[in-house]
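Peer 1: Take a look and give me a structure for this.
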Amino acid sequence: MLLAGAAALSCAVPLHSVMAQETGRDEQQDEANNIGIVRDEVTGDVIYVYGRGEKRIGQAVAASEGGLAGADLEVRPLLRPGEILESTPGLIATQHSGGGKANQFFLRGYNLDHGTDYSVYVDDMPLNFRTHGHGQGYLDVNGLIPETVRRVDYRKGPYRADTGDFSFVGSSFITTHDQLAPFATLQVGAYGYRRLAAGGSVSLGTGDLLAVGQVKLNDGPWELPEDFEAYSGLLKYSAPLGKGDFQISLNLFDASWNPTEQIPERVIGTPLCEDSYCTLDGTQNGFTRRYILTSNYQSDSWRITGYVQRYDWELLSNFTFFLDDPVNGDQVRQYSDLWTYGGRIEHTARLSDTLSLRVGAEGRYDDIARVGLDETIDGVKEFTVGAFSADEESLGTYAEMIWQPVERLMLIGGVRSDWYGFTTRALEGADSWDGKVSDNALGLKIGANVEIADGIALYANYGEGFHSNDARGVTNPDTPAPGLVEGDFQEAGLRFERGGLIFTAVYWWSSIESELIYVGDAGAVEPNDPSKRRGYELTAFWKPNNWLAVDAVWTGSRARFVGLPDGENYLPGALDSAGELGVSAIFREFNAAARLRYLGPAALIEDNSVRSDPTVLLNLRAAWTPRRLGGFEFHAELLNALDSKDRDITYFYETRFPGEPAEGVAGINSRIVEPRQVRLGVTKRF
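Peer 2: Sure thing, here's the model as predicted:
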């Protein structure tokens with residue numbers, strides 16, 4: 001079957017064609033359990049839907065594509081929303097600054113910081129920020145309401161023409177529900193954790209109106225209570241329109257918190273810091289306000305999206321303590337205040353039974369009122385390092401052709417062209433300037449796959465991609481960064497789909513140009529050398545019977561700078577390996593799941609003389625839905641079940657405290673994982 005361009009975003013196939021069947025089950029009871037199910041149209045049997053089990057031979061363009069849906073999401077234990085994105089095999093989402101800050105991501109040997117080469121879309125609206133106060137590509141999914149997520153599809157590498165900026169290493173596409181049965185969920189847990197979510201959909205006119213809200217409160221285990229207070233909402237209207245479907249949605253997120261960041265390990269156990277949960281600067285805080293209006297239309301031949309976003313963000317941090325200012329300390333305030341406008345239009349034409357062509361264009365304009373960095377003392381501004389207003393505009397055009405000249409063979413060819421304009425205006429501070437620069441990139445995409453036997457296919461892909469740099473760095477008159485940093489990816493893969501087993505094996509190679517970026521933490525441009533990486537990925541999904549499902553991932557990578565001597569060319573923060581093992585079981589009134597996550601070691605400096613230790617975490621979830629109570633579910637999560645004391649994040653750099661040398665002390669700075677904790681909840685479905 002030829003893959004239609006309009007359906008390429010999710011690469012989904014009919015779920016009932018691939019899921020294990022279970023007869024004699026009560027469908028209404030399963031709906032009350034909120035487990036993803038469908039009913040076989042021929043036999044009438046209830047089928048438990050695991051998106052990981054979707055057969056993709058003849059559908060997927062690369063072996064590394066995949067997705068989650070149904071039971072994959074609904075029985076998954078979660079410490080934080082960012083872990084939903086760990087559905088991408090080998091992706092690790094960590095945290096080093098509290099529940100209101102974007103996660104730090106690692107994938108395919110890349111330390112992606114807060115999203116520099118990893119893009120996320122929600123209903124085709126791009127979530128990554130350009131020219132952000134904290135980091136380029138800043139990706140914050142903390143406002144996501146888990147109950148609203150219908151499916152998550154992922155890709156690796158820049159092999160598709162419809163994604164551009166920040167999609168070089170990987171992309172995830174979150175699709176929200178159009179309809180939900182009314183529900184209310186209450187959760188409580190250790191360290192002041194409380195969560196209330198409620199909502200549902202009603203018929204309105206020819207469509208459906210969905211409204212879901214969430215309140216989340218948490219103090220965490222830290223000496224300085226996090227005082228995390230967050231409010232999220234989704235209002236969405238969906239209706240058929242012509243030969244397709246129309247949607248308009250409003251996403252809201254408002255949060256405040258007190259961050260506890262990574263700390264120098266040398267001070268743990270001293271009067272400065274009694275244990276790993278201590279706080280060395282008790283005046284830090286942050287807030288996020290984000291409102292997104294998105295409209296979509298999609299049919300077999302058209303995909304049209306438009307969005308507008310209002311965003312206001314601020315964060316106080318102290319990374320080096322008394323290194324730069326031995327008297328007042330090194331606390332800084334970062335901030336972003338902006339509007340974003342954008343959209344896409346795409347058309348797919350079937351030129352014949354074996355050939356399809358899609359062409360599209362997407363544009364975006366960021367109107368940044370203020371972005372910058374202040375030096376502060378206990379939260380009060382001392383002086384402004386650099387504050388800017390900025391305009392960033394872009395236009396991307398693309399074309400992609402998929403040809404199936406003979407049965408079981410698919411050939412893919414695509415091209416994408418992007419133009420960016422960067423304008424900055426100095427508002428305040430010595431490190432600010434006026435500037436105007438433009439840049440462009442052209443990327444080729446080629447792929448082929450062939451089913452060599454029933455359920456066994458081989459894949460090969462090549463793609464050129466890029467990420468944009470912060471406008472402040474691009475327009476810097478002294479050390480300008482390139483507007484667009486380009487690179488290329490290649491991979492060869494195998495996909496096996498037989499019976500209840502789906503297995504993929506991929507080997508990949510990548511290279512990227514000098515990664516010159518504007519570092520918001522330092523307020524300066526920092527250059528890196530070109531780099532090359534290579535690695536492998538093994539994934540498996542196995543459903544041996546009607547009630548049990550097992551999934552596993554293991555990845556390894558090698559990352560090196562180009563042009564530096566051997567032994568001095570390691571990329572700091574590039575993980576050597578990562579893995580995950582998940583098990584879930586679904587019964588008539590009970591379901592349970594366990595997820596074991598491994599974050600491998602990494603070099604922390606270029607000569608590999610200092611390395612991070614591995615981190616292993618085990619999370620458990622169980623739920624009970626007694627039939628006699630009608631619509632109630634009682635659920636419990638045991639997070640960090642082994643009470644690991646491993647590190648969530650690890651860095652190596654200089655810090656200083658009073659009495660230490662003026663040049664500071666180089667050492668490991670880390671943030672411990674949150675300790676073992678229990679969260680209990682009850683859900684009522686109406």
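Peer 1: Provide a list of residues in contact with His467.
Peer 2: Thr116, Asp117, Gln136, Gly137, Asp165, Phe166, Phe168, Leu484, Val485 (C-beta atoms under 8 Å, 6 or more residues apart in numbering). For glycine as for every other residue, the C-beta is placed from the backbone atoms N, C-alpha and C.
Peer 1: same deal with Phe383?
Peer 2: So Phe383 contacts Asp374, Glu375, Gly429 (C-beta under 8 Å, 6+ apart).
Peer 1: Run through the bridge partners of it.
Peer 2: Beta bridges link Phe383 to Glu375, judged by DSSP bridges.
Peer 1: separation between it and Arg676?
Peer 2: 44 Å (C-beta to C-beta, to the nearest Å).
Peer 1: Assumed Ala361 was part of a strand.
Peer 2: Yes - judged by DSSP: H, G, I helix; E, B strand; the rest coil, Ala361 forms part of a strand.
Peer 1: what separates it from Val437, distance-wise?
Peer 2: Distance from Ala361 to Val437, by C-beta to C-beta: 22 Å.
Peer 1: of the two, who's got more company?
Peer 2: Using other C-beta atoms under 10 Å, the more surrounded residue of Ala361 and Val437 is Val437, with 18 against 14.
Peer 1: List the neighbouring strands of the host helix or strand of that one plus their orientation.
Peer 2: Using DSSP states H and E, Val437 sits within strand 435-453. Here strand 435-453 is paired, per DSSP bridges, with strand 409-428 (antiparallel), strand 456-468 (antiparallel).
Peer 1: show me what contacts the closest residue to Ser167 other than its chain neighbours?
Peer 2: Nearest non-adjacent residue to Ser167, counting by C-beta to C-beta, 6 or more residues apart in numbering: Ser119, 4.3 Å away. Ser119 sits next to Pro126, Leu127, Asn128, Gly137, Leu139, Thr163, Asp165, Phe166, Ser167, Gly170, Ser171, Ser172 when contact means C-beta under 8 Å, 6+ apart.
Peer 1: strands paired with the helix or strand that contains Ser119, and their directions?
Peer 2: If you go by DSSP H and E, Ser119 is part of strand 118-122. When sheet partners are counted by DSSP bridges, strand 118-122 sits next to strand 125-126 (antiparallel), strand 170-176 (parallel).
Peer 1: about what we covered before: please render the strands paired with strand 435-453 as a markdown table that adds distance to Lys532 and mean pLDDT to the earlier fields.
Peer 2: Shown next, in a markdown table, are these (distance: least, C-beta to C-beta, whole Å; pLDDT from 0 to 100):
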| stretch | distance to Lys532 | mean pLDDT |
| --- | --- | --- |
| strand 409-428 | 23 | 98 |
| strand 456-468 | 15 | 97 |
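Peer 1: right, and those - which one's nearest Glu346?
Peer 2: strand 409-428 (12.3 Å; C-beta to C-beta).
Peer 1: The closest one: which residues count as buried?
Peer 2: Buried residues in strand 409-428, counted by 16 or more other C-beta atoms under 10 Å: 410, 412, 414-427.
Peer 1: likewise stretch 273-291?
Peer 2: 273, 276-281, 283-286, 288-290.
Peer 1: so which of those comes closest to Glu464?
Peer 2: Using C-beta to C-beta, Arg290 is the member of these that lies nearest Glu464, at 31.6 Å.
Peer 1: distance of the closest one from Tyr311?
Peer 2: Arg290 is 5 Å from Tyr311, where distance means C-beta to C-beta.
Peer 1: again with Glu589
Peer 2: Taken as C-beta to C-beta, the span from Glu589 to Tyr311 is 44 Å.
Peer 1: now do Thr131
Peer 2: 12 Å.
Peer 1: who has more neighbours, these two?
Peer 2: Thr131 (26 against 20).
Peer 1: In contact with the more buried one, which residues?
Peer 2: With C-beta under 8 Å, 6+ apart, Thr131 has these contacts: Asp366, Ile368, Val371, Ala390, Glu392, Phe422, Asp470, Ala471, Arg472.
Peer 1: so what's Lys236 bridging to?
Peer 2: In beta-bridge terms (that is, DSSP bridges), Lys236 pairs with Leu210, Ser249.
Peer 1: re earlier: TSV for the contacts of His467, including secondary structure?
Peer 2: Shown next, in TSV, are the contacts of His467 (three-state DSSP):
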residue	secondary structure
Thr116	coil
Asp117	coil
Gln136	coil
Gly137	coil
Asp165	coil
Phe166	coil
Phe168	coil
Leu484	strand
Val485	strand
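Peer 1: Touching, Val506 and Gly66? I think so.
Peer 2: No - counting by C-beta atoms under 8 Å, Val506 stays clear of Gly66, with 10.9 Å between them.
Peer 1: can you list contacts of stretch 263-270?
Peer 2: With C-beta under 8 Å, 6+ apart, stretch 263-270 has contacts from 273, 275-276, 278, 280, 655, 657, 665, 667-671.
Peer 1: Show me where the stretch 501-650 of the chain has its helices.
Peer 2: Ranges of helices within the stretch 501-650 of the chain: none, based on DSSP state H, counting those that start in this stretch.
Peer 1: rewinding a little: could you pick out the buried ones from the contacts of Phe383?
Peer 2: Asp374, Glu375, Gly429.
Peer 1: pretty sure Tyr231 is touching Ser256, no?
Peer 2: No - checked against C-beta under 8 Å, the pair Tyr231 and Ser256 is beyond contact range at 9.9 Å.
Peer 1: Tell me the one among the contacts of Phe383 nearest to Asp325.
Peer 2: Distances from Asp325 to the contacts of Phe383, taken by C-beta to C-beta, are shortest for Glu375, at 7.4 Å.
Peer 1: Distance of that closest one relative to Gly429?
Peer 2: Counting by C-beta to C-beta, the separation of Glu375 from Gly429 is 10 Å.
Peer 1: before we move on, what about Ala197?
Peer 2: Distance from Ala197 to Gly429, counting by C-beta to C-beta: 42 Å.
Peer 1: repeat for Asp300
Peer 2: 53 Å.
Peer 1: Same question for Phe587.
Peer 2: 62 Å.
Peer 1: And Pro182, by the same measure?
Peer 2: 51 Å.
Peer 1: what do you get for Leu638?
Peer 2: 48 Å.
Peer 1: Asp418 touches Glu464, doesn't it?
Peer 2: No - contact criterion C-beta under 8 Å: Asp418 and Glu464 do not qualify, at 11.0 Å.
Peer 1: Spit out the residues that contact these two alike.
Peer 2: Leu442, Gly443.
Peer 1: Okay, now the unreliable bits of this structure?
Peer 2: Within the chain, the ranges that satisfy pLDDT under 70 run 1-48, 515-527.
Peer 1: tell me the secondary structure for the residue nearest to the spatial centre of it?
Peer 2: The structure's the chain has its C-alpha centroid closest to Leu85; by C-alpha atoms, centre = their mean the separation is 4.8 Å. When classified by three-state DSSP, Leu85 comes out as helix.
Peer 1: do Asp72 as well
Peer 2: With three-state DSSP as the criterion, Asp72 reads helix.
Peer 1: burial measure for it, as a count.
Peer 2: Neighbours of Asp72 (other C-beta under 10 Å): 25.
Peer 1: That one and Glu54 touch, don't they?
Peer 2: No - checked against C-beta under 8 Å, the pair Asp72 and Glu54 is beyond contact range at 10.1 Å.
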